[in-house]
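> 3D, please:
(chains A, B, C and D)
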Protein chains: 2
Amino acid sequence: MQKEVTIYDIAERLGVTASTVSRGLNNSPRVTKKTRDEIHKTATEMGYQHNTIASNLRKRQTKTIGVIVHRLDSYFITCVLTGIEKIINKAHYDILIMNSAESGVREVANAKSLLNKRVDGVIVSLALNTKNIDHFTPFLDRKIPVIFFDRVMPEVNCTKVIIDNFSSGYEATAHLIAGGRKRIAHITADLQRNVYKERFLGYKRALNDNGIIYKEKLVKICNAEKSEIVEAVEQLLKQKPDAFFVMNDFSAAICIQVLHKKGFKVPEDIAVMGFNNDILGDLVVPKLSTLDYPGELMGEIAATELINQMSLKHNRENIVDKTIVIPSEIIIRESTLKLNP
Amino acid sequence: MQKEVTIYDIAERLGVTASTVSRGLNNSPRVTKKTRDEIHKTATEMGYQHNTIASNLRKRQTKTIGVIVHRLDSYFITCVLTGIEKIINKAHYDILIMNSAESGVREVANAKSLLNKRVDGVIVSLALNTKNIDHFTPFLDRKIPVIFFDRVMPEVNCTKVIIDNFSSGYEATAHLIAGGRKRIAHITADLQRNVYKERFLGYKRALNDNGIIYKEKLVKICNAEKSEIVEAVEQLLKQKPDAFFVMNDFSAAICIQVLHKKGFKVPEDIAVMGFNNDILGDLVVPKLSTLDYPGELMGEIAATELINQMSLKHNRENIVDKTIVIPSEIIIRESTLKLNP
DNA sequence: CTGAAAGCGCTAACAT
DNA sequence: ATGTTAGCGCTTTCAG
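Predicted coordinates:
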């Protein structure tokens, strides 16, 4: 950055003072239309570019929000980001995206960085192994709103946007049972994280409510790597399951692939239920039954809530931490069709 | 933002001056280990948080790069972002992601915003309808490096990271021809954009080199909306094609779905060739033949090049604008298997 | 309607 | 090893 054209340079050229130039550039009505136009004209002539950093320092606000996601290469996350972006942009804020890459350590660093950059608000989905949210208390102390979405800490009192994972897990399992399945395998991820834990609890409860005994051997925990999914499916097949309830559609599609390779028919021999309503679910054969998990809507709602809270800056006491539950919906396609008796 | 704890507050408490505190916090060797430790200790005690804005203003650099993408909800783009992130983070830079949402107007606004925020470098993939790159000249004037990836302006002299779209289009088409196909339909997007145009030219050339006459009626331009793809496939079927070469794997999967619904067998009746090597290609039936388009690698290379150019700040004359071509590779799976004579 | 003056919080010559 | 001083570029109160 060599020497910049500043408002002083414009001021000098026009024989006015920097304050006037600043007002002019910001289209303040306190400066005549004529000077305002002149200011804009010379500004472009001289190649002036507003310095947001200086402005931010002076105004003590950045008109920027931070978003911490647990990964970037996920269809669900990009939908959420698209939703956030839609709302945030309309309100003339910018977005600083940080990627924790499922690492709690990086998440802490991300939070610190956002704090140092003085973002006006934060939206977060927690990393897989985040144990507490102490790294967000500096924000709350400073009355900077923080909204958690999807992956949250259930116990902690703060604003959350989630789906009802328990009910979704319950509903998925109940649907499989209604289809005549009795040995339902469940492939999921780290149960520390609320989303997986609650779906798992829903699964167990549905079994129980239908008089099916829960068997630990029918449950496998793994991350969403293809190799791990393949391995999990193969292991679980030893338990002779008649259905799989899988953590996401991508993994469910892999599951189907493995089953086909092993000579099983889906859904005739084994049913497969996904989660997330990924675009891909409609394109595989058989089409995947799944739970609709409206990412873009979730992003929009989180962002709307954030903007709302940011605008309440001066009487922050009015903010009530709430939990917003977004409706999720079971989508029944082909992979779980009923068994003929 | 109420009154902050500043280095002056720490200085006062410790009976030293702000410079010392600043040095201490930055772990400058010019201050004794003892005072350094004291400074850090009191800083945390007092809840001090470094103000990046003030620091950036003073240092006249932000350690932040801007990335403008044409959309967020694309598997390819998220791979690129992941790649960029990997490299950029290692170099202790932050990333400001902007979404042009395929709008040239928004792209111009994004560029301006990044300029105002004084990013140290920029990585861009152009929107569908961007006509020129004048909005990036202010960066180049200020010696702020700009790297274009994937969607670029071929004519303009600047640094680009791309794949060889012409050859890829050629190779895909030649592969189909080698499989005995003669009436090869092509579904693509706006030919203004280099990537589509060059693949199209490759397609034409391959036809020509193999003595097949190019037929305009076998080519359809559309965006990647599902409905448009379905419509395009249905229209093209009237031309009795024996193969489809489709702009991306997602659309190719839709194409297969339509063909199945119409009673065609893939690849026996009609072959389908995708583009991008999306994860999804391996999960559909039949598995998709496609062109591997290494997004993450592209991101890594663009970022590495950017960092390289940013480090050359003071003798920017040394920068040679170059075009880096990343190898793309045809992947033959099931959807284009050879016709039996 | 415009100007003067102060300061946002930090860093880096230059001095001691 | 630490202090002094100035200033990054902008906004905003207060004055005229």
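
> Name the residues of chain A found near DNA strand C, please.
A:15-20, A:23, A:29-32, A:35, A:54, A:57-58, A:60 (C-beta under 7 Å from any atom of the strand). (Glycine included, C-beta is placed from N, CA and C.)

> check these against DNA strand D, which are close?
Applying C-beta under 7 Å from any atom of the strand to the residues of chain A next to DNA strand C, one finds that A:18, A:19, A:23, A:54, A:57, A:58 fall near DNA strand D.

> Could you list the buried residues of the helix or strand harbouring residue A:298?
Using DSSP states H and E, residue A:298 sits within helix A:295-311. Using 16 or more other C-beta atoms under 10 Å in any protein chain shown as the test for burial, helix A:295-311 gives A:295-307, A:309-310.

> Residue A:66 - that's part of a strand, no?
Yes. With DSSP: H, G, I helix; E, B strand; the rest coil as the criterion, residue A:66 is located in a strand.

> That one - how many residues pack around it?
Using other C-beta atoms under 10 Å in any protein chain shown, residue A:66 has 25 other residues around it.

> Tell me what it is bridged to.
residue A:96, residue A:122 (DSSP bridges).

> so what's it up against?
Applying C-beta atoms under 8 Å, 6 or more residues apart in numbering or on different chains to residue A:66 gives the contacts A:95, A:96, A:97, A:98, A:110, A:114, A:117, A:119, A:121, A:122, A:123.

> again, only this time at 10 Å
A:95-98, A:110-111, A:113-115, A:117-124, A:139, A:144, A:146 (C-beta atoms under 10 Å, 6 or more residues apart in numbering or on different chains).

> still on that earlier bit, using PyMOL, make a named selection holding only the buried ones among the residues of chain A next to DNA strand C.
Here is the PyMOL selection string for the buried members of the residues of chain A next to DNA strand C, based on 16+ other C-beta under 10 Å:
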select buried, chain A and resi 16+20+23+31+54+57
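
> So which of the residues of chain A next to DNA strand C are in helices?
Those of these mapping onto helices are A:18, A:19, A:20, A:23, A:35, A:54, A:57, A:58, per DSSP state H.

> The residues you listed: which two are farthest apart?
Maximum pairwise distance in these, criterion C-beta to C-beta, is 26.1 Å, between A:35 and A:57.

> Am I right that residue A:282 is in contact with residue A:331?
Yes. Applying C-beta atoms under 10 Å, one finds residue A:282 in contact with residue A:331, separated by 9.4 Å.

> Spell out which residues are contacts of both of the two.
Jointly contacting residue A:282 and residue A:331 under the rule C-beta under 10 Å, 6+ apart are A:288, A:290.

> Can you show me the helices along the stretch 151-300 of chain A?
Assignment of helices within the stretch 151-300 of chain A using DSSP state H, counting those that start in this stretch yields the ranges A:165-178, A:194-209, A:226-237, A:249-261, A:295-311.

> For chain B, find the nearest of those helices.
Relative to chain B, the nearest member of the helices of the stretch 151-300 of chain A by C-beta to the nearest C-beta is helix A:249-261, separated by 4.3 Å.

> Okay, buried residues for the closest one please.
By neighbour count, and taking 16+ other C-beta under 10 Å as the criterion, the buried residues in helix A:249-261 are A:249, A:250, A:251, A:252, A:253, A:254, A:255, A:256, A:257, A:258, A:259.

> of those, closest to DNA strand D?
For the buried residues of helix A:249-261, the residue nearest DNA strand D by C-beta to the nearest atom of the strand is residue A:250; the value is 46.2 Å.

> so what's the closest one up against?
Each residue near residue A:250 by C-beta under 10 Å, 6+ apart is listed here: A:74-76, A:224, A:226, A:229, A:274-276, A:278, A:280-281, B:279-280, B:283.

> Next one: residue A:207 from DNA strand D, what distance?
Here the criterion is C-beta to the nearest atom of the strand, to the nearest Å. By it, residue A:207 lies 60 Å from DNA strand D.

> Quick one: mean pLDDT over stretch A:98-112.
Averaged across stretch A:98-112, pLDDT comes to 95.

> same question, stretch A:22-42
In this model, stretch A:22-42 has a mean pLDDT of 90.

> State the number of residues packed around residue A:287.
A total of 15 residues lie near residue A:287 under the criterion other C-beta under 10 Å.

> next one: stretch A:320-328 to chain centre, how far?
From the chain centre to the centre of stretch A:320-328 is a distance of 14 Å (C-alpha atoms, centre = their mean, to the nearest Å).

> again, but for stretch A:199-217
In this view, stretch A:199-217 has its centroid 28 Å away from the chain centroid, taken as C-alpha atoms, centre = their mean.

> Below-threshold pLDDT in the stretch 201-341 of chain A: ranges please.
For the stretch 201-341 of chain A, the stretches with pLDDT under 70 are A:313-319, A:339-341.

> mind redoing it with 80?
Along the stretch 201-341 of chain A, segments meeting pLDDT under 80 span A:313-321, A:339-341.

> Quick one: residues contacting the closest residue to residue A:131 other than its chain neighbours.
Computed as C-beta to C-beta, 6 or more residues apart in numbering or on different chains, the closest residue to residue A:131 that is not its neighbour in sequence is residue A:104, at 6.5 Å. Taking C-beta under 10 Å, 6+ apart as the definition of contact, the neighbours of residue A:104 are A:70, A:126, A:127, A:128, A:129, A:130, A:131, A:132, A:135.

> Could you export these as a markdown table, including distance to residue B:158 and pLDDT?
Conversion of the contacts of residue A:104 to a markdown table gives the following (distance: C-beta to C-beta, whole Å; pLDDT from 0 to 100):
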| residue | distance to residue B:158 | pLDDT |
| --- | --- | --- |
| A:70 | 35 | 95 |
| A:126 | 40 | 95 |
| A:127 | 37 | 95 |
| A:128 | 40 | 89 |
| A:129 | 42 | 88 |
| A:130 | 41 | 92 |
| A:131 | 46 | 90 |
| A:132 | 47 | 92 |
| A:135 | 40 | 95 |
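
> Just the buried ones from those residues?
Neighbour-count burial within the contacts of residue A:104 applies to A:70, A:126, A:127, A:128, A:130, A:135; the criterion is 16+ other C-beta under 10 Å.

> The residue nearest to the second one when sequence neighbours are not counted: how many residues sit nearby?
The shortest distance from residue A:126 to any residue other than its chain neighbours is 4.2 Å, reached at residue A:151 (C-beta to C-beta, 6+ apart). The burial count assigned to residue A:151 is 19, neighbours taken as other C-beta under 10 Å.

> Now do the phi/psi pair for residue A:151.
Backbone dihedrals for residue A:151, given as degrees, to the nearest 10, come out at phi -90, psi 110.

> ok, it - contacts?
Residue A:151 makes contacts with A:69-70, A:124-128, A:130, A:160, A:162, A:193-196, as judged by C-beta under 10 Å, 6+ apart.

> among those, which are in strands?
Using DSSP state E, the members of those that fall within strands are A:69, A:124, A:160, A:162.

> the domain parsing of chain A - what is it?
Using automatic domain parsing, the domain parsing of chain A gives A:7-50, A:64-162+A:295-326, A:165-293+A:330-336.

> got these as CSV, with distance to residue B:335 columns?
Compiled in CSV, these are given as follows (distance: least, C-beta to C-beta, whole Å):
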stretch, distance to residue B:335
domain A:7-50, 50
domain A:64-162+A:295-326, 22
domain A:165-293+A:330-336, 13
